[in-house]
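1. Have a look at this fold, sequence not included:
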């Protein structure tokens, strides 16, 4: 995979809307309820719940929808801040959160299209038209990448070719011809990575004989076994378990005339003449990020041999237990599941196990819209059911540092209401039996219905709740008991290292990565400690300790001390921290410094100064900062050819937190942010800013507003002499 960035190799921005809207954009309405986001295509005369947000995200003009005082005589910084908060407040949704585009990965829509096809469901016509537009807008050099800013891959191209054809685009279409031309020099779809092999086998374009055994019987091993399924990272576990169920059933959809055509179009030799076992290990060089290890090849050899003699009684026993765990996952998450890949595979499992008319399958259908996002470039599938809690928590913290917070009390109130309704208030029944941990008191990334808590989301949610209570910006502050529940979650999630992982404590060991079979992702097998998760938890515990000094004091002090120690240990020699969920070293270093300062280290501490020196060394000539996503892929800082407002904001926030001595360095960064702000208070979407598993990028479309506003507000309060 190569870096294309903002400018693709065809000389156009990968975010340009090259293909015009396929529907009437004015009829799209974003409807929300307790964070749930659903795009409806309204009939004539139907009213929109969130007209400004609906218009903004579909690309309609919203310049006249902001309430900016044209007579504002404040200084330039204050006016920019007020204008920006006014704009962003105008697209706050009715239930208090900020919605947003959380797309980017190009392997999500294929699961949706394939499951809809093989289960006999019809894609709604407005969806169909806008999905085709989205894929047309994201096609570059004839193909599609693993994400919207990567060069083409066999993974992205083969799967999205299928989506286009399943949604009615004829094989003679110029877009399809270009994709086939790109694949023709790469043995067609045969070199698709393992997840792609899985989906094409379900569709019937590929053979299960060309897929390594997914060994459903793994779940029958004693839970004390080092490689038991329950020890895998939650996101890995919840994908491979339903995959193993489908593999165990060797399910193939109906071999329709269209499927036969796809075989001809994507495989460069007759389907029946392919030596399928020989392509199990074949992965195109454009796609391969994590090669097989000798241990994985040995494991697959053993599993493939077992597959030939697998006793049906043992296989059925394993599949029944796998499905029972999946059923509980569906129930615990209200049929949303942890993410869109598991969502669509779980839905297919329900179809196979319980039938097309079953309640489980119907509930899955009802929750599909939670993942579908109508954007300026068409309809895509979000990487989760949104980032509602995450973005809203950050915006509360940004506004509290703005110095003009009293002007936006109603915005605080609505945002706090969302923080309130999103905290998970119960533990799932028999959670340990189904490989889950306690959840009561934690916050999710998106919505309460999704049912999974995350350490950093709990940290940020708790900080937001504490801030609103401290400054009395809500009449319905969370009770002390609910704050205590959140702290209990944070204390329970800390690893013995002092660090924090994502959804659970780390359950396995790094040697699990020898068995990473994804081929396209890095470090997916266990839940690792992350600077983002550790810093968020650390900051939240510090703020809680300030407001509740007598609650579990010894335990909280110990947790803070251990988290601080972990963060110091993981700082790189050059002063940076590697971000694993944002791009990349500017992101990780921001979290690192925020945590160290909140934990009590003075800004003059050598470690904090080393972090500042690292950032200053990366400042560009125009005063800004910018990294490409290749920083995440290579795990070394890769300078972006253009400064990015999000990276710049993270760097400015870090330097201000550290009280960096050279004010001019900071001023130049702020000036870059001010120069990029639009007249209505918004900022343009620039390069992608999120990442997961090293090699796949994801959009955080609200970052371009939240973090510049936060940085400008902190700058304004740090240097009061700039005010009029």
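-> Okay, I see it. Treat the numbers as computed from the prediction; the structure is a model and nothing was measured. Residues are numbered from 1 along each chain as shown.

2. how about the nearest residue to residue 119, chain neighbours excluded?
-> Of all residues not flanking residue 119 in the chain, residue 351 sits nearest, at 5.0 Å (C-beta to C-beta, 6 or more residues apart in numbering). From N, CA and C alone the C-beta is placed, and that goes for glycine too.

3. and if you look at residue 699?
-> Per C-beta to C-beta, 6+ apart, closest to residue 699 is residue 104, 4.4 Å.

4. Pull the contacting residues for the residue nearest to residue 119.
-> Contacts for residue 351 (C-beta atoms under 8 Å, 6 or more residues apart in numbering) come out as 115, 119, 358, 361.

5. And the host helix or strand of it, how far out from the chain middle?
-> Residue 351 belongs to helix 340-354 when assigned by DSSP states H and E. Between the centre of helix 340-354 and the centre of its chain there are 21 Å (C-alpha atoms, centre = their mean, to the nearest Å).

6. Check stretch 226-242 too.
-> With C-alpha atoms, centre = their mean, you get 19 Å for stretch 226-242.

7. change the start of the numbering to 36 and stick with it
-> Noted, 36 is the first residue going forward, which turns the last one into stretch 261-277.

8. Excluding sequence neighbours, find me the nearest residue to residue 522.
-> Residue 522 sits nearest to residue 579 (C-beta to C-beta, 6+ apart), 5.7 Å away.

9. residues near that neighbour, how many?
-> 23 (other C-beta atoms under 10 Å).

10. Tell me the strands beside the helix or strand encompassing residue 678, with direction?
-> According to DSSP H and E, residue 678 maps onto strand 674-679. According to DSSP bridges, strand 674-679 forms sheet pairs with strand 660-662 (antiparallel).

11. so what's the nearest residue to residue 255 once chain neighbours are set aside scoring on pLDDT?
-> Spatial nearest neighbour of residue 255, chain neighbours left out: residue 353 (5.3 Å); criterion: C-beta to C-beta, 6+ apart. On pLDDT, residue 353 comes in at 98.

12. Distance check, residue 353 against residue 335.
-> As judged by C-beta to C-beta, to the nearest Å, residue 353 and residue 335 stand 18 Å apart.

13. ditto for residue 79
-> Residue 79 is 57 Å from residue 335, by C-beta to C-beta.

14. neighbour-wise, which of the two wins?
-> residue 335 (19 against 5).

15. Please list the residues outside the host helix or strand of the more buried one that contact it.
-> Using DSSP H and E, residue 335 maps to helix 329-344. Residues outside helix 329-344 that contact it (C-beta under 8 Å, 6+ apart): 247-248, 250, 252, 312, 315-316, 327, 549-552.

16. ok, now with 7 Å
-> Residues outside helix 329-344 that contact it (C-beta atoms under 7 Å, 6 or more residues apart in numbering): 247-248, 250, 549-550, 552.

17. what's the next secondary structure element after the strand holding residue 678?
-> Going down the chain from strand 674-679, the next helix or strand is helix 680-692, by DSSP H and E.

18. What angle do strand 674-679 and that next one make with each other?
-> 80 degrees (axes from the mean of the first three to the mean of the last three C-alpha atoms, to 10 degrees).

19. Show me the contact partners of helix 680-692.
-> Helix 680-692 is contacted from outside by 621-622, 624-625, 628-629, 632, 646-647, 650, 659-662, 700-701, 704-705, 707-708, 711, 718, 721, 724, 738-739, 742-743, 745-746, 749-750, 753, using C-beta under 7 Å, 6+ apart.

20. now do 6 Å
-> Outside helix 680-692, the residues that touch it by C-beta atoms under 6 Å, 6 or more residues apart in numbering are 621-622, 624-625, 628-629, 632, 647, 650, 659-662, 701, 704, 707-708, 711, 718, 724, 738-739, 742-743, 746, 749, 753.

21. Strands - which of these land there?
-> Counting by DSSP state E, the part of the contacts of helix 680-692 found in strands is 660-662.

22. Put together TSV for the residues you listed, with neighbour count, distance to residue 470 and pLDDT on each row.
-> Listed next are those as TSV, based on neighbours: other C-beta atoms under 10 Å; distance: C-beta to C-beta, whole Å; pLDDT from 0 to 100:
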residue	neighbour count	distance to residue 470	pLDDT
660	27	41	98
661	26	41	97
662	25	36	96
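
23. that older thread, report pLDDT for the residue nearest to residue 154.
-> Looking at residue 386, its pLDDT stands at 98.

24. ditto for the one 10 residues further on
-> Note on residue 396: pLDDT of 98.

25. Skip the chain neighbours and tell me the closest residue to it.
-> Residue 396 sits nearest to residue 385 (C-beta to C-beta, 6+ apart), 4.6 Å away.

26. Please give me every residue in contact with the one you found.
-> 395-396, 399.

27. Tell me where the protein is predicted with low confidence.
-> Applying pLDDT under 70 to the chain flags residues 36-52, 99-106, 758-759.

28. got the residue ranges for the helices in the stretch 436-585 of the chain?
-> For the stretch 436-585 of the chain, the helices defined by DSSP state H, counting those that start in this stretch occupy 444-457, 490-505, 515-528, 566-582.

29. Need those helices in a markdown table (columns: distance to residue 557).
-> A markdown table is the format used below for the helices of the stretch 436-585 of the chain (distance: least, C-beta to C-beta, whole Å):
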| stretch | distance to residue 557 |
| --- | --- |
| helix 444-457 | 30 |
| helix 490-505 | 20 |
| helix 515-528 | 23 |
| helix 566-582 | 16 |
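
30. Appreciated, that's everything.
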